[in-house]
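A.B. asks: Provided below are the primary sequence and the corresponding predicted coordinates.
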2 protein chains.
Amino acid sequence: MRIVEIVERPARIDSDIRNAWIDFSQMTASTVAVVTDVVRDGQRVIGYGFNSNGRYAAGGLMRERFVPRVLGAPPAALLNDEQTNFDPHRIWALMMSGEKPGGHGERSVAVGTIDMALWDAVAKIERKPLYGLLADRYRGGEADERVWVYAAGGYYQPGKDVRALQDEMRWYLSLGYSTVKIKIGGAPLDEDLRRIEAVIEVLGGDGSRLAVDANGRFDLDTALAYADALAPYGLRWYEEAGDPLDYELQARLGERYPHSTATGENLFSMQDARNLIRYGGMRAGRDVLQFDCALSYGLVEYLRTLDMLREHGWSPRSCVPHGGHQMSLNIAAGLGLGGNESYPGVFQPFGGFAESIPVEDSYVRLPDAPGVGFEEKPALIDLLRKCAA
Amino acid sequence: MRIVEIVERPARIDSDIRNAWIDFSQMTASTVAVVTDVVRDGQRVIGYGFNSNGRYAAGGLMRERFVPRVLGAPPAALLNDEQTNFDPHRIWALMMSGEKPGGHGERSVAVGTIDMALWDAVAKIERKPLYGLLADRYRGGEADERVWVYAAGGYYQPGKDVRALQDEMRWYLSLGYSTVKIKIGGAPLDEDLRRIEAVIEVLGGDGSRLAVDANGRFDLDTALAYADALAPYGLRWYEEAGDPLDYELQARLGERYPHSTATGENLFSMQDARNLIRYGGMRAGRDVLQFDCALSYGLVEYLRTLDMLREHGWSPRSCVPHGGHQMSLNIAAGLGLGGNESYPGVFQPFGGFAESIPVEDSYVRLPDAPGVGFEEKPALIDLLRKCAA
């Protein structure tokens, strides 16, 4: 039982949207195929992965360091004790040999993307959907039947006015989502408030069905000015007000803002997540943690982060990962997270879940197919298969 | 006035040494040439840079993202207001366009290495040594005539016994260094103590001439056990006891250990450095900060870090950068840092300073040559020139 090859292929994320920081028209993502010599149902098992939006493709790092370390190891070193399957924990340790501590960015994407493909292969070899495998291994067999999802959109786009924003939100509601998220911080406060009020109108006047996301753009004064202006709306959450590493700003915001805040998508290791918990003044049970395994050394590291959270009195239900991908959806169902992001219609074909399963009342079920379930999204699996072609 | 090309070429750091984390025999470094169309003294000005040891070459990231952003910009956008020279601050902002906040690793090496080459070119265009240019721009013209340096070595190597360690230290003393540093944490505590005592014997019994470096290897209990065992020796400093992002460990260590600690070489942004200052319990005037510009988005970011330090009551004299390269030596002399690391004989040809200037009483002067001074190290400049060949 061995890994025959690990192939990376960069793909463009086709989108003209922008948030408060970046123009996604130049954004790339890595697709990865882990090709094994294991045969299931007459076919060679191939695990797939990709990195979620917001960080660039990491193929150079994979080819220079992480893939050679895996393929250069004795094949038995990649397997579990019983030699019946690959062991993502052991492979993770091999990938990170020769890497110094600290500096968690870029390489965290390279490792996280390969890790996703490994778990896809491992679950396919066990003939289980990944969420079932995770529930069996780490949660006594208990998986959630459905996962709460919300529609993240409301990006700034050239020529997009308030009416177009409302139409976008109505479309999300028609797709089965009841909670939505829009960007803030790419326009002046008064304009953002008009956008927020227009969306709340579409949501039947219920601000708790709307989250807002500043993408780390604000300094302390701006973050607090927005906090004061946002408070009366009773929003679902106020996301990433300041620089992701400015825990002091986050703590000051938590003292001032009475409703939920959310952050974490730009913290890429257990150590960085732990610093948010230690110093960010985040309130267990109220605030939301958005660490994204695909950008953060994968599920192997995410399991460490969940352990750290439990030690600090946090439930996995406080986690609603960034990224809108099926990997986090499986983790949510298998390990009991609070939900998952979704980007209907954008970051295609990466965003979204099994094509045959509709979102209902902002919840989605998972398919029974083995692995992560990429095969249930035809456009995505077509793209991923090009890696291994 | 324009940049004609930016070329990266990876080089092996030829070394069989290891610290508590990594085996340097697999370690690479990027060399970079920024080729301009400016002519000085009959020659085209080329700025050079390289990343210091401990992190890998970053050529893929440079070619995929950072170099195209510079070369794709209108040439005038790279220049100062007077259009008389390149402006590293403006070029930095161009390089970081489309990059989200947080995740400071790898790309910080790519940007830091290009930044080094840019400052080399800028100083050559002004016909000044870089430390003089920095003193003129940022310190009212006052440069230090000489910089305190110490010899960092004492790595673990196969077959290296205490006698060989003592011989290594004697060699550093013969080169003009009076303070030395050795690794700890790659052996059990009692063996490390024997190594320390053997080195102090060579140093005339003066523990304040010896620093020790655990390379982030210890958990809290081990860090404190070493602290208690090290305290009687009165060492120069106890470096990077725990994970570089474990500020809590650092703070607990500072409460327990009565002498100087040092850390920072694995924090790669102003934001990460600020968190160390905010949460690490570091004691201004006693503890030592080792941020390395070549791994941390370059001098442009380092200037932000120095500003942050001043706001928190820290002097630049508390900074003794990691890396042992001439770039930090210039920053030390030009901006008034506390000193600079040196690796006599290892990480060649990158380590060390101008060949014609000896170290005396652990201080070194800088050459008058324009730029960083790479041309004063024949083996290094030969290697760097291959980039632009």
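C.D. replies: On my side now, so go ahead. Residues are numbered from 1 along each chain as shown, chains lettered A, B, ... in the order given.
A.B. asks: for A:Glu239, give the beta-bridge partners.
C.D. replies: Beta-bridge partners for A:Glu239, by DSSP bridges, are A:Asp213, A:Ala262.
A.B. asks: my guess is it contacts A:Leu210. True?
C.D. replies: No. Between A:Glu239 and A:Leu210 there is no contact, the gap being 11.2 Å when judged by C-beta atoms under 8 Å. (Each C-beta comes from the backbone N, C-alpha and C, glycine too.)
A.B. asks: hey, what's in contact with both of these two?
C.D. replies: Here A:Glu239 and A:Leu210 have A:Lys181 as joint contacts, going by C-beta atoms under 8 Å, 6 or more residues apart in numbering or on different chains.
A.B. asks: closest residue of the stretch 1-150 of chain A to chain B?
C.D. replies: Nearest residue of the stretch 1-150 of chain A to chain B, counting by C-beta to the nearest C-beta: A:Gly60, 2.2 Å away.
A.B. asks: can you report how many residues lie near that residue?
C.D. replies: 23 (other C-beta atoms under 10 Å in any protein chain shown).
A.B. asks: how about the residues of the stretch 51-200 of chain A near chain B?
C.D. replies: A:54-57, A:59-61, A:63-65, A:98-108 (C-beta under 8 Å from any C-beta of the partner chain).
A.B. asks: ChimeraX command for the buried members of these?
C.D. replies: Only the buried members of these enter the following ChimeraX selection, criterion being 16 or more other C-beta atoms under 10 Å in any protein chain shown:
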select /A:54,55,56,57,59,60,61,64,65,98,99,100,101,102,103,104,105,106,107,108
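A.B. asks: among the residues of the stretch 51-200 of chain A next to chain B, which lie within helices?
C.D. replies: In this view, these that belong to helices under DSSP state H are A:Gly59, A:Gly60, A:Leu61, A:Arg107, A:Ser108.
A.B. asks: let's verify the nearest residue to the last one once chain neighbours are set aside: helix, strand, or coil?
C.D. replies: Translated: A:Ser108. Once flanking residues are discounted, A:Ser108 sits nearest to A:Phe268: 4.0 Å by C-beta to C-beta, 6 or more residues apart in numbering or on different chains. Under the three-state scheme (DSSP: H, G, I helix; E, B strand; the rest coil), A:Phe268 adopts coil.
A.B. asks: any chance of the backbone angles for A:Phe268?
C.D. replies: Per-residue torsions, A:Phe268: phi -110, psi 20 (degrees, to the nearest 10).
A.B. asks: if I pick it, what's in contact with it?
C.D. replies: Contacts of A:Phe268 were listed using C-beta under 8 Å, 6+ apart, and they are A:His104, A:Gly105, A:Ser108, A:Val109, A:Leu295, A:Ser296, A:Tyr297, B:Gly102, B:Gly103.
A.B. asks: what residues does the stretch 251-389 of chain A have near chain B?
C.D. replies: A:Asn266, A:Leu267, A:Phe268, A:Ser269, A:Gln271, A:Asp272, A:Arg274, A:Asn275, A:Arg278, A:Tyr279, A:Leu295.
A.B. asks: make JSON lines out of those and add distance to A:Arg310 and pLDDT.
C.D. replies: Shown next, in JSON lines, are these (distance: C-beta to C-beta, whole Å; pLDDT from 0 to 100):
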{"residue": "A:Asn266", "distance to A:Arg310": "23", "pLDDT": "98"}
{"residue": "A:Leu267", "distance to A:Arg310": "17", "pLDDT": "98"}
{"residue": "A:Phe268", "distance to A:Arg310": "20", "pLDDT": "98"}
{"residue": "A:Ser269", "distance to A:Arg310": "17", "pLDDT": "98"}
{"residue": "A:Gln271", "distance to A:Arg310": "16", "pLDDT": "98"}
{"residue": "A:Asp272", "distance to A:Arg310": "17", "pLDDT": "98"}
{"residue": "A:Arg274", "distance to A:Arg310": "12", "pLDDT": "98"}
{"residue": "A:Asn275", "distance to A:Arg310": "17", "pLDDT": "98"}
{"residue": "A:Arg278", "distance to A:Arg310": "15", "pLDDT": "98"}
{"residue": "A:Tyr279", "distance to A:Arg310": "19", "pLDDT": "98"}
{"residue": "A:Leu295", "distance to A:Arg310": "22", "pLDDT": "98"}
